[in-house]
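[1] Just need the structure, nothing else, for what follows:
(one chain, ligands or ions: 1)
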Amino acid sequence: MLRKVWQPLTSWFEQNKREMEWRSNPLPYYVWVSEIMLQQTRVETVRPYFHRFINELPDIHALAVCGEERLLKLWEGLGYYNRVRNMQKAARIVMEEYGGELPSDPALLRKLPGIGSYTAGAIASIACHIPAPAVDGNVLRVLSRLTGSLACIDDAKVKVHFEELIQELLDEEDAPDPGIFNQALMELGALVCLPGGTARCAQCPLREWCAALRLGELDSIPVRKPKKPRRIEKRTILAVRDASCTVIRKRPDSGLLAGLWELPSLEGDLTDVEALEEARRIGIRPVRILPLPEAKHIFSHVEWHMKGYLVLAEELEGLAEGYLAIEPERTRREYSIPAAYARYTEYLNIRPGIQTEPGGEF
Ligand code: SF4
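    Residues are numbered from 1 along each chain as shown. Modelled structure (predicted):
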């Protein structure tokens, strides 16, 4: 099947591909950074992050030696912060073991923290023209529909099966350029073979061969496992300020949003009297408390349903251990506060440098 479609697919790609900075200059480091950023995040959201990241950390050495607070600040708003922590661990290994150059062998790439078979295949094929498959969710959808596969794409064996199909094609003598072929499949999934009932089959260069279109099975292919409902957690957020400062604290080193900074918050749905008690326990001397709007933030397995209070305080000093009183401007520059708190940081004049839509943090 893939033998029949690769030429129309790659011709379509050459005419319709979106311009991307990491595409026009596909250095291995750029492809790596962009692929990690693009996990769970759209291209348009990634662009400004990519520019800022590359400007500040132009190569693997710069990434390896960057301080943690700065690194998290550069990632602020993208979510899934373990991605960038793993990138730094991998960068340090690359400095030690590969002289600062990413290996081009997908098997070696897969041994680095945070690099799975998809990312390894993307770096190897796009940056180094190595014949390796790069199968992500978009590609799984396209290939399932094209072949009419009723196998569940959440099953790891199905991904391996499609990787083998692509590998067979890329190993042939007259095979397409692997980087172009992989990107063409991804781009078709991102622009044309869209999820649910939104596929644009009339514009698709593969419609002549597509089993799902022929069988009228677009809604049922690809097959997915039913999703477990997310756990709901209620939280109360305190946005505290005096004339010049606000209060933040560091989250624990493990679990959700590990090691990031946050506004003081508690589990549960606190009344204003309970919120004031908590503020006093932290060492704040409140002079006024005002309710703030409710907010919701969606993580992969959990939803936070939040209520908030603006706590106006006398001078912020003598806070409990672990809490910092700090000027909003410094917080904006130096401390990474996740987008989950965006509804409340706006009352403190703290906004991350680049805003994204809420969601997608881990
Ligand atoms: S014809 Fe439609 S369903 Fe088939 S690959 Fe193209 S866009 Fe996807």
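[2] other SSEs contacting the lowest-mean-pLDDT helix or strand in the chain?
    Taking mean pLDDT, DSSP states H and E as the measure, the chain has helix 328-334 as its least confident helix or strand, at a mean of 87. Helix 328-334 is packed against helix 68-75, strand 246-250, with contacts defined by 3 or more CB pairs under 8 Å, 6 or more residues apart in numbering; DSSP states H and E. Bear in mind the C-beta positions are built from the backbone N, C-alpha and C, glycine included.
[3] Enumerate the residues of the stretch 101-250 of the chain near the ligand.
    Counting by CB under 6 Å from any ligand atom, the positions of the stretch 101-250 of the chain adjacent to the ligand are 142, 145-146, 192-193, 199, 201, 204, 206-207, 210, 212-213, 218.
[4] Would you reformat the residues you listed as JSON lines and include secondary structure and neighbour count?
    As requested, these are exported to JSON lines (DSSP: H, G, I helix; E, B strand; the rest coil; neighbours: other CB atoms under 10 Å):
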{"residue": "142", "secondary structure": "helix", "neighbour count": "29"}
{"residue": "145", "secondary structure": "helix", "neighbour count": "24"}
{"residue": "146", "secondary structure": "helix", "neighbour count": "24"}
{"residue": "192", "secondary structure": "coil", "neighbour count": "20"}
{"residue": "193", "secondary structure": "coil", "neighbour count": "28"}
{"residue": "199", "secondary structure": "coil", "neighbour count": "22"}
{"residue": "201", "secondary structure": "helix", "neighbour count": "15"}
{"residue": "204", "secondary structure": "coil", "neighbour count": "22"}
{"residue": "206", "secondary structure": "coil", "neighbour count": "21"}
{"residue": "207", "secondary structure": "helix", "neighbour count": "16"}
{"residue": "210", "secondary structure": "coil", "neighbour count": "22"}
{"residue": "212", "secondary structure": "helix", "neighbour count": "24"}
{"residue": "213", "secondary structure": "helix", "neighbour count": "20"}
{"residue": "218", "secondary structure": "coil", "neighbour count": "18"}
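[5] Same list (those) but as TSV, adding pLDDT and distance to residue 42.
    Formatted as TSV, those follow (pLDDT from 0 to 100; distance: CB to CB, whole Å):
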residue	pLDDT	distance to residue 42
142	98	18
145	98	21
146	97	24
192	98	16
193	98	16
199	95	18
201	97	22
204	98	21
206	97	23
207	96	25
210	97	25
212	97	24
213	96	26
218	92	22
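[6] just to revisit the earlier point, how far is the helix or strand following the least confident helix or strand of the chain from where the chain is centred?
    For helix 328-334, the following helix or strand on the C-terminal side (DSSP states H and E) is helix 342-345. Offset of helix 342-345 from its chain centre (CA atoms, centre = their mean, to the nearest Å): 20 Å.
[7] Quick one: neighbours of residue 319, just the number.
    16 (other CB atoms under 10 Å).
[8] Can you tell me the SS state at it?
    Here residue 319 is recorded as coil under DSSP: H, G, I helix; E, B strand; the rest coil.
[9] Can you give me the buried ones in stretch 118-131?
    If you call a residue buried by 16 or more other CB atoms under 10 Å, then stretch 118-131 has these buried ones: 118-128, 130-131.
[10] I meant stretch 1-9, not that one.
    Burial within stretch 1-9, assessed by neighbour count using 16+ other CB under 10 Å, is assigned to 2, 5-6, 8-9.
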